[in-house]
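Student: I would like to see how this sequence folds:
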Amino acid sequence: AGGGVDSRQVSTDNIESVEVIRGIRSVVYGDLTSGAVVVKTKAGVTPWEVRVKADPQLKQVSLGKGFPLGEKAGVLNFDADYAHAYSDVRTPASAYNRFNFQTGWSGSFNKKLTLNAKLRANWSNATNASDPDLLLDELMQERDRGLRLNVNGRWILNKSWITNLEYLVTGSITDQFSRNRVYQGSAGRTPTSAAMYDGENEAFFTPAQYYSDVQVYGRPVDAQVRVTAHQLGKYGSVTNKVLAGVEWKSQGNVGRGKTFDTTMPPSPGSASAFRERSYRDIPFLHSLTGYAEDNLKLPLGGTLLEVQAGARVSTILASGIATDAFLGVEPRVNVRYTLVQRKTGLRELVLRGGWGRACKMPSMIYLYPEPAFKDMVSFYYNDFDARDYGLAVVTTKRVETANPELKLQKSRNIEAGLEFD
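Tutor: Just a heads-up that it's a prediction; the model follows:
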């Protein structure tokens, strides 16, 4: 949770371009503080491409092509890849497998409306099993399989008040499963409780030796819609570009969550007790954003002044949480002044500077954290050796871990530079 994207799931064979965005970025990019990496997959007509790679740790094959469907029918792309890898060839019980398949269509209608649609399916499985020589049956496993649909394009209007309209609609659903089977051994039986609320209750006793088997079933769902309007104006030697847009995102998880046999919990007797949790009890999280930006190019004699200025305003809508503290206002400005631009000698001399703010919305792990449980033994009677009998009373304290003082993570960037050629 909160770990981001597993880069092993990304195939490098179908990448058309990678753009690293850092510093003071356009207001189109938000919900980040340090930067972004934009990865674009291939589109358009391409020849057959087959790649095979093999070494002691990795076996990989990929296949792809872009088919023209006719002058007005667009282009159909597809690619698939499979990879099987070991982190250490001496432990073949620990392996990673991945399969990706993507198909897409791109085309235009009356040369006014362009559309790119891509459907991606992925499956990955990582297994880390115990060495059989250790005589343990421990196992760590992670499996992901999902579908993602991405539709984007541009509508060319060429009006005096709007030049074009860009749109993006994307959504995904993923089925996630992880398993952690660990050996638990102690000198004797441990009194344990499965109570979910404050109070005293009769405890049960775990075996002296057993395997705890924690399984997590996740089914995250997300959707995003973004519309950006552009207006390009040229007034003599002055060029001005204006953009404005809105963005809506929604995310949630409808999986069963964390499950295990409560009579054989992980880490029995620890300071913080372990409990089951269903992800279906966590409400969906929505975010709404508006942004606007102006890009001005102004010739001044033999020099050129370029100004990019705008602002982004975001908020989140979360059930059961006061969202007043999650209103993010992000003004940003970049200035570039070209003093010299010629073909010989000092070919270019540029002064540039910028100032901006960026906000990162808290993720669901911080908005809806798991409560902590403290189990304290109030009474304990042990007669297992003689009569195989024992009795324990446990006082359970449920501690809510939500932080009412939670605020946005904010960063401020200031840049100044001198460029010459």
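Student: residue 105 reaches residue 78, doesn't it?
Tutor: No. Residue 105 is beyond contact range of residue 78, at 10.0 Å (criterion: C-beta atoms under 8 Å). From N, CA and C alone the C-beta is placed, and that goes for glycine too.
Student: overlap of the contact sets of those two?
Tutor: Residues within reach of residue 105 and of residue 78 at once, by C-beta atoms under 8 Å, 6 or more residues apart in numbering: there are none.
Student: tell me which of these two has more neighbours.
Tutor: residue 105 (18 against 15; other C-beta atoms under 10 Å).
Student: what sits against that one?
Tutor: Counting by C-beta under 8 Å, 6+ apart, residue 105 touches 74-77, 115-117.
Student: lowest-pLDDT helix or strand in this protein?
Tutor: Here the helix or strand of the chain ranked lowest by mean pLDDT, DSSP states H and E is helix 384-387, holding a mean of 74.
Student: which helices and strands sit right next to that one?
Tutor: On a contact count with 3 or more C-beta pairs under 8 Å, 6 or more residues apart in numbering; DSSP states H and E, helix 384-387 meets no helix or strand.
Student: following it, which helix or strand comes up?
Tutor: strand 389-399 (DSSP states H and E).
Student: circling back: starting at the chain centroid, how far to the least confident helix or strand of the chain?
Tutor: Here helix 384-387 is found 53 Å from its chain centre; the criterion is C-alpha atoms, centre = their mean, to the nearest Å.
Student: in the chain, what spans have low per-residue confidence?
Tutor: For the chain, the stretches with pLDDT under 70 are 1-4, 92, 130-135, 187, 271.
Student: can you show me the helices along it?
Tutor: 364-367, 384-387 (DSSP state H).
Student: output the biggest strand by length in the chain in PDB with nothing but the alpha carbons.
Tutor: Counting residues, the longest strand found in the chain (DSSP state E) is strand 164-185. Below are the C-alpha coordinates for strand 164-185, written out as PDB (Å, rounded to 0.1, in the frame of the first residue of the first chain):
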ATOM      1  CA  ASN A 164      -9.100  22.800 -30.300                       C
ATOM      2  CA  LEU A 165     -10.400  20.600 -27.600                       C
ATOM      3  CA  GLU A 166      -8.300  17.700 -26.100                       C
ATOM      4  CA  TYR A 167     -10.000  14.900 -24.200                       C
ATOM      5  CA  LEU A 168      -8.900  11.900 -22.100                       C
ATOM      6  CA  VAL A 169     -11.100   9.100 -20.700                       C
ATOM      7  CA  THR A 170      -9.400   6.200 -18.900                       C
ATOM      8  CA  GLY A 171     -10.400   3.500 -16.500                       C
ATOM      9  CA  SER A 172      -9.000   0.300 -15.100                       C
ATOM     10  CA  ILE A 173      -9.900  -2.600 -12.900                       C
ATOM     11  CA  THR A 174      -7.200  -4.900 -11.400                       C
ATOM     12  CA  ASP A 175      -7.500  -8.200  -9.500                       C
ATOM     13  CA  GLN A 176      -4.700  -8.400  -6.900                       C
ATOM     14  CA  PHE A 177      -3.800 -11.300  -4.700                       C
ATOM     15  CA  SER A 178      -0.900 -11.700  -2.200                       C
ATOM     16  CA  ARG A 179      -0.100 -14.400   0.200                       C
ATOM     17  CA  ASN A 180       2.300 -14.600   3.100                       C
ATOM     18  CA  ARG A 181       2.700 -18.000   4.700                       C
ATOM     19  CA  VAL A 182       5.200 -17.900   7.600                       C
ATOM     20  CA  TYR A 183       6.200 -20.400  10.300                       C
ATOM     21  CA  GLN A 184       5.300 -19.300  13.800                       C
ATOM     22  CA  GLY A 185       7.000 -21.100  16.700                       C
END
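Student: skipping adjacent residues, who's closest to residue 263 in space?
Tutor: residue 204 (6.2 Å; C-beta to C-beta, 6 or more residues apart in numbering).
Student: in the sheet, who's paired with the one you found?
Tutor: residue 192 (DSSP bridges).
Student: over to residue 310?
Tutor: In this structure, residue 310 bridges to residue 293, residue 332 when assessed by DSSP bridges.
Student: pull the number of nearby residues for it.
Tutor: Residue 310 has 21 nearby residues by other C-beta under 10 Å.
Student: got the contact list for it?
Tutor: By C-beta under 8 Å, 6+ apart, the neighbours of residue 310 are 26-27, 243, 291-294, 331-333.
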